[in-house]
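Student: Quick one, structure for this:
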Amino acid sequence: MEFSIKIEEYKWKDVGVINVLRLTGPLDQKSLPVLDNTVKTLFQKKMYKVVLDLAQVTSISSSGIGLLINLTQNEGNESLRLICVNQRFKALFDLLSLGERILIFPYESEAFGSWEKH
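Tutor: Numbers count the residues shown, from 1 in each chain. Below you'll find the predicted structure:
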């Protein structure tokens, strides 16, 4: 399966614009530049509220995890949210304490609502 990203833009209550990136396929060395460029382009456009939907991600390499960590270090923990993380990936993220760096939610609406509290 080839990696792809579908970007959906939402306006959420008083929070403003939130971009949801629906990822499909493996998050590996080949796909990393595409995801990295996509997220950094949004950040350059001052679109700091980004949700990564991992529902259709088939695998995540160590490089993929490294990119997620790097994105949070560059723009801060308040910019990025993960949703629809399957149990296998969640266990790995917990083992690596990634949940301390990136907020993880089961559903889109919960991720959106998390920005209302800030």
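Student: Tell me who's in contact with the residue nearest to the spatial centre of the chain.
Tutor: Geometric centre of the chain, nearest residue: residue 52, 2.8 Å, by CA atoms, centre = their mean. Contact analysis of residue 52 by CB atoms under 8 Å, 6 or more residues apart in numbering lists 21, 23, 68, 80, 81, 82, 83. C-beta coordinates here come from the backbone N, C-alpha and C atoms, glycine included.
Student: which residues does it bridge with?
Tutor: Taking DSSP bridges as the rule, residue 52 bridges to residue 21, residue 82.
Student: gap between it and residue 80?
Tutor: Distance of residue 52 to residue 80, computed by CB to CB, to the nearest Å: 7 Å.
Student: what sits in contact with each of these two?
Tutor: residue 68.
Student: I'd like the contacts of residue 52 as TSV, with neighbour count and pLDDT appended.
Tutor: Putting the contacts of residue 52 into TSV (neighbours: other CB atoms under 10 Å; pLDDT from 0 to 100) gives the following:
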residue	neighbour count	pLDDT
21	18	98
23	25	97
68	22	85
80	23	89
81	23	92
82	23	93
83	21	95
